[in-house]
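> Compute the structure for the input listed below.
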Amino acid sequence: MTALLSVSDKTGIVELAKELNALGVKLLSTGGTAKLLADSGLPVTEVADHTGFPEMLDGRVKTLHPKVHGGLLARRDLPEHMAALQQHDIQTIDILCVNLYPFEATVAKEGCTLADAIENIDIGGPAMVRSAAKNWKDVAVLTDASQYAQVVQDLKAVGKVSLATKFALSVAAFNRIAQYDGAISDYLSSITFDEASVDATPERVLFPGQSNGMFVKLQDLRYGENSHQQAAWYRDLYPTPGCIVTGEQLQGKELSYNNIADADAAWECVKQFDEPACVIVKHANPCGVAIGADPAEAYSKAFKTDPTSAFGGIIALNRTLDKAAAELIVKQFVEVLMAPDFTEEALEVFKPKTNVRLMKIALPAGTARVANSIEAKRVGGGLLLQTADNHELQREDMKMVTTLQPTEQQVQDMLFAWKVAQFVKSNAIVFCKDGMTMGVGAGQMSRLDSARIASIKAEAAGLSLEGTVVASDAFFPFRDGLDVVIDHGATCVIQPGGSMRDQEVIDAANERGVAMVFSGVRHFRH
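Numbering: from 1, shown residues only. The predicted model follows:
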């Protein structure tokens, strides 16, 4: 049995080679890998000695040879293949261990030149991997150090690598090649080429000429948005830390398609707050959001916004769930409860609630507030891509446009309300006061209807809207929408501005004696 080992990432390669050597496997290798194995006292044959052809062109040609590819591609069950090998003195290669030139890591470095990128496009490695993966019944192809242990285990147990293991390795190999080629395509098709860029850092466009998104399946789901639809959950190849796909389910039933979608909305919203915060989501819309001194207070305030909608909702906290908060939340029917961590006492509180899904999602220091830098939406036969809506309004960005200026408390509540409005489906109207949502109107075709619904919900929850601030995700095209929120008790409004009738709306605010601020940006969420 012969193994060819040629790796850029040498993690675990010496240990693998020692195990293979102990099992009587002949070792072939190239360049730096061969030197490392020889320096470790292992008997290793250089590929150049094996092929009888020297490595050339600065290493660009070393494994592109019939004695390598013939040894990988020959089918052992076809006599004519084996006869051809014998005729041309080609030995079979039974194990291939290759990981590729670090193209992705190279182009991720600041200042990477086009020449550096091109030089890190592997040719021989992918060719060998494809050959071995195609001939998977006869060749075990390893493309990642995490696979080494299984191969050694199989060899020790039965003297060969099992078919099941070899097929799984082949699938992983073709996946890796697809990922590698996709990264190359993404990079090269993003370059604005001119001759001066050949040996310099090239100018790149945000959206490449071809998009090659890579996703890895986490699990099949019971069904999709509705029971007659099929569904599965995938993650990015390299997910951002602190997003939902990095979470760990500690308890409860399997997550459903709708659970995941709603949980993501809640989690991304709660991440926006520096203070202890709670977000309750129902059907992708926040129905209660609040900040507090601790998780218990934040939850209590958020729940008061709309107790009816909170029933069967998704709850997200941006602080560790402790016993005090757990004892409050356990009283309501909750589908999913998320937090960066859970105390042992909190877990004990929920232990009898075996169906409640508890999700632990770490929030590393410095985690971006938005999970994805680029967002995608499928349309018929195509895809829309856009940068994420990660604009964070700063106090200095707020433009005071009315005679009456907001108080300091109103400014704080406007900043709070604006964060919430970003996560409410348009048209969005959000009434807030003292770090708590008081009424949320979402997803209506008319901004007037969203405002009325928000007030109806506040009334149903027994909350007064007197003295509240209101955030509108887009401008008021006429004064009528402003009049509705003032009629229900708002004394301060934040909106993007930008309407041809802005002055009419400003005059109405002055007439009604309320403060109004322009944010300069809108937050449509469709």
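
> starting at the chain centroid, how far to stretch 204-215?
16 Å (C-alpha atoms, centre = their mean, to the nearest Å).

> Counting neighbours, which bits of it end up buried?
Pro208 (16 or more other C-beta atoms under 10 Å). For glycine as for every other residue, the C-beta is placed from the backbone atoms N, C-alpha and C.

> Equivalent analysis for stretch 304-321, please.
Neighbour count says stretch 304-321 has 304-307, 309-310, 313-321 buried, by 16+ other C-beta under 10 Å.

> tell me the SS of Val430?
strand (DSSP: H, G, I helix; E, B strand; the rest coil).

> returning to that earlier point: closest to Val44 among the buried residues of stretch 304-321?
Nearest to Val44 out of those is Thr320 (C-beta to C-beta; 51.6 Å).

> rewinding a little: what about the buried residues of stretch 304-321, which are in helices?
Using DSSP state H, the members of those that fall within helices are 304-305, 307, 309-310.

> Please, where are all the helices along the stretch 351-500 of the chain?
Remark: helices assigned in the stretch 351-500 of the chain by DSSP state H, counting those that start in this stretch are 408-421, 447-460, 479-487.

> May I see the buried residues of the longest helix anywhere in the chain?
Longest helix in the chain by number of residues (criterion: DSSP H): helix 163-188. Neighbour-count burial for helix 163-188, counted by 16+ other C-beta under 10 Å, picks out 165-166, 169-170, 172-174, 176-177, 179-180, 182-184, 186-188.

> Next, the contact list for the nearest residue in space to Gln272 that is not next to it in sequence, please.
Of all residues not flanking Gln272 in the chain, Lys419 sits nearest, at 4.7 Å (C-beta to C-beta, 6 or more residues apart in numbering). Counting by C-beta atoms under 8 Å, 6 or more residues apart in numbering, Lys419 touches 269, 272-273, 393.

> Now find how far off-centre stretch 37-44 is within its chain.
41 Å.

> And that stretch, what's buried?
For stretch 37-44, the neighbour count (16+ other C-beta under 10 Å) marks 37, 42, 44 as buried.

> Pick out whichever of those sits closest to Gly252.
Leu37 (48.5 Å).

> Contact partners for the closest one?
Leu37 neighbours (C-beta under 8 Å, 6+ apart): 5, 13-14, 17, 27, 29, 44.

> ditto for Ile291
273, 275-277, 298, 301, 416, 435-436.

> quick one: contacts for Arg176?
100, 129, 143-144.

> I would like the residues contacting the lowest-mean-pLDDT helix or strand in the chain, please.
Here the helix or strand of the chain ranked lowest by mean pLDDT, DSSP states H and E is helix 47-51, holding a mean of 83. For helix 47-51, contacts defined as C-beta under 8 Å, 6+ apart pick out 4, 6, 28-30, 34, 54-55, 62-63, 65, 67-68, 91.

> Off-centre distance for it?
Centre-to-centre, helix 47-51 and its host chain are 44 Å apart (C-alpha atoms, centre = their mean).

> try stretch 1-14
31 Å.

> Between the two ends of that stretch, how far is it?
When the termini of stretch 1-14 are compared using C-alpha to C-alpha, to the nearest Å, they are 18 Å apart.

> please begin residue numbering at 198 from this point
New numbering, starting at 198: the last item is stretch 198-211.

> Torsion angles phi and psi at the residue nearest to the spatial centre of the chain?
Centroid-nearest residue in the chain, with C-alpha atoms, centre = their mean: Pro436, separated by 3.9 Å. Per-residue torsions, Pro436: phi -70, psi 150 (degrees, to the nearest 10).

> show me the contacts for it.
Counting by C-beta under 8 Å, 6+ apart, Pro436 touches 442-443, 568.
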